[in-house]
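> give the three-dimensional model of this entry:
(chains A and B)
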Amino acid sequence: MQSEELHYGQVEIGAALPPLRVEVTTTTVVLGALASRDWRPMHHDRDFAQQRNGARDIFINTPHNAAYFERYITDWTGPRGRLGQMNFRMRESVFPGDTMVFRGEVAEKHMDAAGCGWLELDIQLSVGEKVTTSCRARVAVPTGPGDNPWRRSGEAWQPAKSA
Amino acid sequence: MTDLPAEVVSWIGQRRYEAWGEFDVERGYIFTSCASVQNGNPLYWDEQAAREIAGGWIAPPSMVSAWFRPHYWSPGRSGEALALQLHFDLKQRLSLPEAVITENSITFFEPVRVGDRLKTAQILRSVSPVKQTKLGAGRFWVLDVEASNRAGALCAIESYTGYGYRREA
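As a prediction, this is how the structure comes out:
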């Protein structure tokens, strides 16, 4: 978590987020499944994962994936960064013994009609050379010292990107 | 013309399985979730920061599905209760024994606050024709889960793309 708050005006399109490496263990997978109250056996039972899913081991579940993306984003923005939308596509599963590497960059930025400053981030989660999950996230950051996205609601908080 | 069973076609666009979460949003699970990804955001650990920034304790937005997943067991319940029942209904009705979630989209509206409780509804948006992937022959489907709080304010819409399939022999 960076100590300085990120402000909208400080961010350039194309700016890179610092990479994050995570070593995945069996505990990592099971802890994430339990934290998200996901009791499905492919996230804690290796025999089930292998025999029923054809996977090589238990694997990280969807909400745990989302929690990692959230942590990666708010480590960079600081606590006033507020997620509006997250869309991710899981191409490959992540297993114990894998090393996950998160990389991201600012793809777009714009201020909406309510004055909310939005950053569109492209994030990739890789294991080795392979991208296992790609994520597009929309996060609001303060437009200046007086702005706090968490205090926005109603018309002032429009997290769904218009087509 | 569709080759889908009429029952499945009738589910498209229908609000199903409207239900309240089984427990209030609480900090124990928030700590466990943050610990599972080493999320040190002071919004979830520092009361003064939570009060100043968010007006009190809130939950990480990405945790939204935790608040409406049923207990693994509870008194009087027979069989396993499933969070995405519609996903499992589709597997059963389309005779596709295996399924994975391939894509997840979440839009975050009002913050989820500690002590609140969420109400959800599941809505089937679409089902694809039969496809062939490396997992086996099956169908993709998209379903939304809408979550709102006790005051009736929308907190999140989760959209899941599932792939139900039959493994190759």
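> what about the residue positioned nearest the centre of chain A, distance to chain B?
Nearest to the mean C-alpha position of chain A, by C-alpha atoms, centre = their mean, lies residue A:69 at 1.6 Å. For residue A:69, the distance to chain B equals 7 Å [C-beta to the nearest C-beta, to the nearest Å]. C-beta here means a position set from N, CA and C on the backbone, and glycine is covered the same way.
> in a helix, that's where that residue is, yeah?
Yes: under DSSP: H, G, I helix; E, B strand; the rest coil, residue A:69 falls within a helix.
> so who does it touch?
Residue A:69 makes contact with A:86, A:88, A:102, A:123, A:125, A:135, A:137, B:62 under the criterion C-beta atoms under 8 Å, 6 or more residues apart in numbering or on different chains.
> cutoff 10 Å now
The contact partners of residue A:69, taken as C-beta atoms under 10 Å, 6 or more residues apart in numbering or on different chains, are A:83, A:86, A:88, A:102, A:104, A:121, A:123, A:125, A:133, A:135, A:137, B:37, B:62, B:106.
> would the second one count as being in a strand?
Yes: inclusion of residue A:86 in a strand is indicated when three-state DSSP is applied.
> mind checking the SS state of the closest residue to residue B:54 other than its chain neighbours?
Distance criterion C-beta to C-beta, 6 or more residues apart in numbering or on different chains; nearest residue to residue B:54, sequence neighbours excluded, is residue A:150 at 4.5 Å. Put simply, residue A:150 is helix when judged by three-state DSSP.
> quick check: residue A:150 touching residue B:113?
No: contact criterion C-beta atoms under 10 Å: residue A:150 and residue B:113 do not qualify, at 11.4 Å.
> distance of the residue nearest in space to the middle of chain B relative to residue B:83?
Among the residues of chain B, the one closest to the centroid is residue B:65, at 4.7 Å (C-alpha atoms, centre = their mean). Applying C-beta to C-beta, to the nearest Å, the value for residue B:65 to residue B:83 is 7 Å.
> shared neighbours of the two, anything?
Joint contacts of residue B:65 and residue B:83 (C-beta under 10 Å, 6+ apart) are A:36-38, A:63, B:120, B:145.
> switch those residues over to TSV; also include secondary structure and pLDDT.
TSV is the format used below for the shared contacts of residue B:65 and residue B:83 (DSSP: H, G, I helix; E, B strand; the rest coil; pLDDT from 0 to 100):
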residue	secondary structure	pLDDT
A:36	coil	94
A:37	coil	94
A:38	coil	92
A:63	helix	92
B:120	strand	96
B:145	strand	96
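> so where's chain B shaky on pLDDT?
Scanning chain B for pLDDT under 70 picks out B:1, B:169.
> so which elements touch the longest helix that chain B contains?
Ranked by residue count, the top helix of chain B under DSSP state H comes out as helix B:27-37. Applying 3 or more C-beta pairs under 10 Å, 6 or more residues apart in numbering or on different chains; DSSP states H and E, we find helix B:27-37 packed against helix A:26-35, helix A:62-77.
> please enumerate the strands of chain B.
Using DSSP state E, the strands of chain B run over B:15-20, B:98-108, B:119-127, B:131-133, B:136-148, B:154-167.
> right, and those strands - which one's nearest residue B:55?
strand B:154-167 (14.9 Å; C-beta to C-beta).
> for the closest one, buried residues please.
B:155-165 (16 or more other C-beta atoms under 10 Å in any protein chain shown).
> and for the nearest residue to residue B:83 once chain neighbours are set aside, the neighbour number?
Nearest in space to residue B:83, with sequence neighbours left out and distances taken as C-beta to C-beta, 6+ apart, is residue B:69 at 4.2 Å. Per other C-beta atoms under 10 Å in any protein chain shown, the neighbour tally for residue B:69 reads 19.
> quick one: residues contacting the residue nearest to residue B:33 when sequence neighbours are not counted.
Nearest residue to residue B:33 in three dimensions, chain neighbours excluded: residue A:35, at 4.1 Å (C-beta to C-beta, 6+ apart). Neighbour list for residue A:35: A:61, A:63-64, A:67, B:28-37, B:63, B:66 [criterion: C-beta under 10 Å, 6+ apart].
> just the buried ones from those?
Using 16+ other C-beta under 10 Å, the buried ones in the contacts of residue A:35 are A:61, A:63-64, A:67, B:29-30, B:32-34, B:36-37, B:63, B:66.
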